[in-house]
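Undergrad: 3D model of this:
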Amino acid sequence: MHVRRLLATILASAISVPALAQDCDRSCLAGKLDSYLNAVVANDASKAPLSYGFRQTENSIVTPNDEGLWSTVTGLGKLQRRYYDPEGHTAGFFGLLDESGEPAIVALRLRVENQQITEAEWHIGRKNDVGITGEPGKVVFDVDNLLANPPNEGFVPLDRRHSREDLIAIANSYFDGIMAKNSKVVKGHPGCSRRENGFPTFGGELKPGEIGFEGKSDCRTVGDFGLAQITARRTQVVDVEQQIVMMSVVFLRRPGNERWRNHFTHTISIEDGLIRHVHGAMFYAPPTQPVPNWPPYDGNFPLQP
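TA: Numbering: from 1, shown residues only. So this is what the prediction gives:
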């Protein structure tokens with residue numbers, strides 16, 4: 001019996017060591033994210049530990065390793081935020097890229113498995129992108145405002161942290177409130193901010209019955225955005241240490257509404273269990289483009305009238 005127990009212990013150890021060796025903690029994720037970003041800046045995918053089956057999308061379009069950002073990026077910008085989610089096997093980046101002197105506002109989800117980078121999902125905003133009606137150059141975009149009002153970063157004391165599950169629920173409350181058209185659903189601080197591609201989409205005059213702060217709208221203010229649903233919600237990164245959630249969503253319009261769909265990564269800064277800032281990196285998707293083009297949501301096409 002003693003021999004059997006000894007053999008069982010040895011076998012269990014032999015099985016667990018390789019499994020543990022494949023884990024990627026915060027330090028590991030930081031290294032993978034840095035190596036990937038450095039490879040993008042160098043325009044050389046071979047400089048990053050990419051898996052054989054590595055898949056990358058830019059604004060929901062699958063991009064080869066020598067096209068898109070791999071060929072256009074010339075440097076990282078002045079704003080760089082890095083977030084890490086060991087439990088989810090992901091790392092996130094929100095900030096600015098330089099493309100031959102032109103800034104791009106971006107959010108990135110990076111997935112790491114077996115010590116290799118398997119997925120990269122970019123949301124990219126550029127100042128000449130199409131706007132909500134499909135007209136070029138009409139997208140909201142404000143680099144200066146973003147630089148002056150960035151997302152949170154840094155270590156949050158343990159007694160001020162909420163759990164991973166709570167953080168996801170808090171982030172979802174923002175989208176639930178918009179769909180319910182009920183500001184009381186949103187778990188947000190009075191005066192919380194909301195910026196899309198750096199452009200402030202809060203702070204305007206309140207309409208009768210709307211909730212805001214000191215007579216101005218905030219991230220809790222919800223109007224009629226012409227939405228059928230905020231769909232394809234995916235939690236990309238949950239950084240418990242920094243109390244940050246990055247979440248991808250699609251704003252799907254109601255039948256007959258010709259405005260284009262928004263596809264976002266929202267970087268949501270949470271303080272003491274309430275949303276302080278919402279920062280979106282987003283683009284407007286053409287009517288026939290499948291978004292987000294990641295499982296389990298291959299695509300969300302417009303509802304037909």
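Undergrad: List the contacts of Val62.
TA: If you count contacts by C-beta atoms under 8 Å, 6 or more residues apart in numbering, Val62 has them with 55-56, 293. Where C-beta positions appear, they are placed from N, C-alpha and C, glycine not excepted.
Undergrad: Quick check on those residues: which are buried?
TA: 56, 293 (16 or more other C-beta atoms under 10 Å).
Undergrad: export the contacts of Val62 to a markdown table and tack on distance to Asp129?
TA: Shown next, in a markdown table, are the contacts of Val62 (distance: C-beta to C-beta, whole Å):
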| residue | distance to Asp129 |
| --- | --- |
| Arg55 | 23 |
| Gln56 | 19 |
| Asn293 | 18 |
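Undergrad: Could you give the number of residues near Val130?
TA: 16 (other C-beta atoms under 10 Å).
Undergrad: Now it: phi and psi?
TA: phi -70, psi 150 (degrees, to the nearest 10).
Undergrad: any idea how far Ser60 is from it?
TA: 14 Å (C-beta to C-beta, to the nearest Å).
Undergrad: Also Ala91?
TA: Taken as C-beta to C-beta, the span from Ala91 to Ser60 is 20 Å.
Undergrad: and the two? which has more neighbours close in?
TA: For the pair Ala91 and Ser60, the greater number of neighbours falls to Ala91 (31 against 20), based on other C-beta under 10 Å.
Undergrad: Which strand residues bridge that one?
TA: Tyr84, Leu110 (DSSP bridges).
Undergrad: Any buried residues in the helix or strand hosting Ala107, and which?
TA: In this structure, Ala107 sits in strand 102-113 according to DSSP states H and E. Of all the residues in strand 102-113, those buried under the rule 16+ other C-beta under 10 Å are 103-112.
Undergrad: Now flag whichever of the residues you listed is closest to Leu76.
TA: Val106 (9.9 Å; C-beta to C-beta).
Undergrad: Please list all residues in contact with that closest one.
TA: Contacts of Val106 (C-beta under 8 Å, 6+ apart): 93-97, 122-125, 281.
Undergrad: Among these, give me the pair with the biggest separation.
TA: Spatial extent of those (C-beta to C-beta) is set by the pair Phe93 and Gly125 at 13.9 Å.
Undergrad: ok, Gly198 touching Val139?
TA: No. Counting by C-beta atoms under 8 Å, Gly198 stays clear of Val139, with 10.8 Å between them.
Undergrad: could you pull out the strands for the stretch 151-300 of the chain?
TA: Per DSSP state E, counting those that start in this stretch, the stretch 151-300 of the chain carries strands over the ranges 188-196, 199-200, 227-239, 244-253, 261-271, 274-285.
Undergrad: can you tell which of these is closest to Val156?
TA: It's strand 261-271; of those, that one is closest to Val156 (C-beta to C-beta) at 8.2 Å.
Undergrad: Could you check how far Thr265 is from Pro86?
TA: Distance from Thr265 to Pro86, by C-beta to C-beta: 20 Å.
Undergrad: Looking at those two, which one has more neighbours?
TA: Neighbour totals were compared for Thr265 and Pro86, and Thr265 leads with 26 against 19 (other C-beta under 10 Å).
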